[in-house]
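*Asks:* Okay, sequence plus prediction incoming.
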Amino acid sequence: MVKSMFSGIAGLRAHQQKMDVIGNNIANVNTYGYKAGRVTFKESIYQTTSSSSEGNDVFGGSNPSQVGYGSEVGTIDLMFSSGAYAPTDSSMDCMIDGEGFFIVGNKGITIKTDGDDPAAISQEMTKLSLSRVGNFAFDGEGYLCDGSGNIVYGYVHKDGNMENDLDTTTLQAIRVAYVDENGDYVAAGTADATPLKLNSISISKTGEIIGSDSDGESVTVGMLALANVPNANALEKSQGPYYTIRENTGYVLPYEPGKGTTGSILSNGLEMSNVDLAKEFSEMITTQRGFQANTRIISVTDEMLEELVNIKR
């Protein structure tokens, strides 16, 4: 009889965890780039009161008898379906029309991407974080940063000289080239060097960051890189919109936008949350009723125990 009490308690815990996930989904209904969570239940352990047996010359076989101990949370998954496009007033805002991720991190990381060992490249990628939110801007040192100040990674010109081609074999921090007082391209950190001043900066469908210099000529600063994650559900959420690369993701590799099934870039907008409010409210109702039913199991079991205790008065 007491087993039903434990089943009710297990059911309460499972439904409370599901309600926590639903509450987080609804709280982030207007959070850019947010991916909704989903909870699945599984049966808890069983006590076998009698095992199955084979038949013999006299009697037939028998099936097992088992009593369960309720339910528990099986998985908490993230739904990585794309959110809707939300237009903004910033030409530096962009979203990914596909399954890729922006690559962000701290300064000073360089990863060669033209090697023959994808496992080694993927291991290097663990130094960086992934994001689906493309609210970018250049800081005072010429670095392309996201809204939280993390450096955006991609492909830049060889040797920092915009007269050279983009080096798509090396993943590095995107930074505006530096010029001296004569307007010649020099290495960052050179005395009296300053970032090249650009106007009307925008991001193309292929991820190229394009602006206009003081002479009105078009200049390509660099190109965004997008990460392909074979098993996105293995990513671990961290603070804000960021994902950390963990085990079981498969080889996480950077690509140019439009390659490696990463998707293309949509500019002048951000990705909205993919939370479906109608679905969340429906899940909330069924979760509440499930929680309520489990409380009834506990209260009815308590009444039965009370009757058992009061048999002899």
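*Replies:* That came in fine, so what should we check first? Numbering: from 1, shown residues only.
*Asks:* And the helix-or-strand element of the chain with minimal mean pLDDT, what does it pack against?
*Replies:* Least confident helix or strand of the chain, by mean pLDDT, DSSP states H and E, is strand 46-50 with a mean of 74. With contacts taken as 3 or more Cβ pairs under 8 Å, 6 or more residues apart in numbering; DSSP states H and E, strand 46-50 sits against strand 65-68. From N, CA and C alone the C-beta is placed, and that goes for glycine too.
*Asks:* Direction included, what does the strand it packs on pair up with?
*Replies:* Strand 65-68 has the following sheet partners, assigned by DSSP bridges: strand 46-50 (antiparallel).
*Asks:* List the contacts of the partner strand.
*Replies:* Taking Cβ atoms under 8 Å, 6 or more residues apart in numbering as the criterion, the residues outside strand 46-50 that touch it are 3, 62, 64, 65, 66, 67, 68, 69.
*Asks:* who touches the first one in this structure?
*Replies:* Contact analysis of residue 3 by Cβ under 8 Å, 6+ apart lists 47, 67, 69.
*Asks:* Looking at the residue lying closest to the last one once chain neighbours are set aside now. What's its pLDDT?
*Replies:* Excluding the flanking residues, the one nearest residue 69 by Cβ to Cβ, 6 or more residues apart in numbering is residue 44, at 4.6 Å. pLDDT, the model's per-residue confidence, is 82 for residue 44.
*Asks:* any idea how far residue 71 is from residue 44?
*Replies:* 6 Å (Cβ to Cβ, to the nearest Å).
*Asks:* Look at those two and report which has more neighbours.
*Replies:* Regarding residue 44 and residue 71, a neighbour count based on other Cβ atoms under 10 Å identifies residue 71 as having more, with 19 against 15.
*Asks:* so where do the strands sit in the stretch 151-300 of the chain?
*Replies:* When assigned using DSSP state E, counting those that start in this stretch, the strands of the stretch 151-300 of the chain occupy the ranges 151-156, 170-173, 178-179, 185-186, 194-195, 199-203, 208-212, 218-224, 226-228, 236-237, 242-244, 253-255, 264-267, 269-271.
*Asks:* wait, which of the ones you listed is closest to residue 124?
*Replies:* Ranking these by proximity to residue 124 (Cβ to Cβ) places strand 170-173 first, at 8.5 Å.
*Asks:* now that closest one: mean pLDDT?
*Replies:* When pLDDT is averaged over strand 170-173, the result is 94.
*Asks:* in it, what counts as buried?
*Replies:* For strand 170-173, the buried set under the neighbour-count rule, 16 or more other Cβ atoms under 10 Å, comprises 171, 172, 173.
*Asks:* hang on, the earlier thing: intersection of neighbour lists for residue 44 and residue 71?
*Replies:* Contact criterion Cβ under 8 Å, 6+ apart; residues bridging residue 44 and residue 71 by contacting each: residue 10.
*Asks:* Kindly state the beta-bridge partners for the residue nearest the centre of the chain.
*Replies:* The C-alpha lying nearest the average C-alpha coordinate of the chain belongs to residue 243 (Cα atoms, centre = their mean; 5.0 Å). Under DSSP bridges, the beta-bridge partners of residue 243 are residue 130, residue 237.
*Asks:* Now the terminal residues of stretch 137-145, how far apart.
*Replies:* The distance separating the two terminal residues of stretch 137-145, taken as Cα to Cα, to the nearest Å, comes to 6 Å.
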